[in-house]
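Peer 1: build me a model:
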Amino acid sequence: MRLVTARVTEAFDTHHGAQRLTVEYPSIIPDSSGPTESQPQPAIPDSSKATEPPQPSVIPQPSVIPGLSRNLTEDMRAEQDVAQKPGEPAPAPPAPQRRRALRYAALVPECEVGDEVLLNTTAVDLELGTGGVCFVVANLTALNRSTANATAAFDDGAGGLEAGHIMKLRYTPFQHEVLSIEEPASPHHEALAQADSLRGVPVVCCELHSQVPLVATAVKQTRPEARVVYCMTDEAALLAPLSDLLAQTRQVGLIDACVTCGQALGGDAEAVNLYSGLLAARVVYKADVIICAQGPGIVGTATRFGHGGLAQAQALNAAAALDGVPIAPLRLSFADERTRHQGVSHHTLTTLGRACLTQAIIPLPSDLPAEQLAQVERQLEEAGILERHGLVHVPIEQKTTDLRGVHVTTMGRTRDGDPAFFSAAFAAGLFAARMLVERSDA
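Peer 2: Presented below is the predicted three-dimensional model:
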């Protein structure tokens, strides 16, 4: 874990549980143990709202972090001054780094321009793709102010112990009490105590977070009145406010409610696990279609079982156990340069060929080019998937492309760059909507 202190130079309003910031901190000065340079990052352009901050501290990476009040940058410069020969000019300080940062409203008090904050820069320093930001661990200015006034540094407004007894992010420094939708203090406790079946509700279980708005679009375009509820699982990002895509999808009405399940946090409701989350989607939010997927940031290791895509199998199994209709969108691509993800992704082949223990419905977009369609069916057959699951061909109609302005990409590619990926997700949503029509006609 990599921690630094930084000064806030831009602070934007909090939306959907997250506050975007621009922060600045000095580059780490090498010491006698060797260089400790951070990996270069794209510079953030200056803004008219930015202020010139005083030089903040830098916290290196020892196993025991020194006191936060100590200005380690000045200490390191003092050590350099001692070693400096008389008459030599002082070395120029390293250029400060400017980064984007994210504050979760449920975990850290609001930040203002000039506040000193403690940042986790690990993902940015490692150049990981998802997020591309630093995360605020603490607002040190608020902490110092509360210490002086003998008050709590932060209270998220959740109330006393009577408000909720379920902990999420448990046994970490950020463990967070929530009123789960199932527990006795919840107004929905009695309903969920009696609930044990989804009663045939279609459950579209996606591998990737980016498939969620595509499935929802297809459902809403076919059945505008249908209530679509998203159950977010905890195999990738844990906090729903990280996802701008989810916020946009909610804002334009493609998703009617979000239930965060397990250790995931920040939805309209908190569920102890995926099973009760699925039941809450039906019983509390009256879902006509449930979409289940992990948050942003799927993990992959180029091994057969070492990836986050297996969460799709767990969701399919849960949907079947609760008498839902498990629907499995294929992860398709003919644009991905990685051979293991060409045609049907190896994630999907393992998930549906080995890990899924129930029979699922696999919607296949029937308007793929003939050679692509043949390759997909061949891959599914060779993996034994056609023997285990039901394959249905679904034509994609032009009207299902209206995402209401939501910008969706997969691995940086738009629909024009990777049409098969989008079509496979649309096909799953269209099939789920078709089931609603058939159920209403029955």
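Peer 1: all the helices of the chain, residue numbers only.
Peer 2: 72-83, 122-125, 140-149, 189-194, 211-222, 244-251, 274-283, 311-321, 346-350, 370-382, 385-388, 419-441 (DSSP state H).
Peer 1: pull the longest strand from the chain.
Peer 2: strand 3-15 (DSSP state E).
Peer 1: what is the end-to-end distance of stretch 393-409?
Peer 2: With CA to CA, to the nearest Å applied, stretch 393-409 spans 24 Å between its terminal residues.
Peer 1: distance from the chain centre to that stretch, please.
Peer 2: Averaging C-alpha positions (CA atoms, centre = their mean, to the nearest Å) puts stretch 393-409 22 Å from its chain's average.
Peer 1: what does that stretch rub up against?
Peer 2: Defining contact as CB atoms under 8 Å, 6 or more residues apart in numbering, one finds that stretch 393-409 is touched by 210, 213-214, 217-218, 221-222, 245, 248-249, 252-254, 363-367, 414-415, 422-423, 426-427, 429-431. C-betas here are computed from N, CA, C, even on glycine.
Peer 1: hmm, back to that, can you redo the helices of the chain as TSV with distance to residue 167?
Peer 2: Output for the helices of the chain, formatted as TSV (distance: least, CB to CB, whole Å):
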stretch	distance to residue 167
helix 72-83	34
helix 122-125	24
helix 140-149	22
helix 189-194	18
helix 211-222	27
helix 244-251	23
helix 274-283	16
helix 311-321	22
helix 346-350	31
helix 370-382	42
helix 385-388	38
helix 419-441	34
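Peer 1: looking at those helices, which is buried most?
Peer 2: helix 211-222 (a mean of 27; mean count of other CB atoms under 10 Å).
Peer 1: helices or strands up against it?
Peer 2: Contacts defined by 3 or more CB pairs under 8 Å, 6 or more residues apart in numbering; DSSP states H and E place helix 211-222 against strand 228-233, helix 244-251, strand 289-294, helix 419-441.
Peer 1: mean confidence for the last one?
Peer 2: Averaged over helix 419-441, pLDDT sits at 89.
Peer 1: try the third one
Peer 2: Here the mean pLDDT over strand 289-294 is 98, rounded to a whole number.
Peer 1: give me the pLDDT value at residue 2.
Peer 2: pLDDT at residue 2 comes out at 88.
Peer 1: returning to what we had before: how about the longest strand of the chain: buried residues?
Peer 2: 3, 4, 5, 6, 7, 8, 9, 10, 11 (16 or more other CB atoms under 10 Å).
Peer 1: ok, the fifth one touching residue 111?
Peer 2: No - counting by CB atoms under 8 Å, no contact exists between residue 7 and residue 111, whose distance comes to 10.3 Å.
Peer 1: common neighbours of those two, please.
Peer 2: residue 117.
Peer 1: ok, back up a step: what's the closest of the helices of the chain to residue 170?
Peer 2: helix 274-283 (16.6 Å; CB to CB).
Peer 1: and that closest one with strand 228-233, angle?
Peer 2: Per axes from the mean of the first three to the mean of the last three CA atoms, to 10 degrees, the angle that helix 274-283 makes with strand 228-233 is 170 degrees.
Peer 1: still on that earlier bit, wait, which of the helices of the chain is closest to residue 303?
Peer 2: Across the helices of the chain, closest to residue 303 is helix 346-350 (CB to CB), at 9.3 Å.
Peer 1: what average pLDDT does the closest one get?
Peer 2: Mean predicted confidence for helix 346-350 is 96.
Peer 1: contact partners of that helix?
Peer 2: Contacts of helix 346-350 (CB under 8 Å, 6+ apart): 207, 300, 304-305, 307, 309-310, 312, 328, 330-331, 340-341, 379-380, 383, 385.
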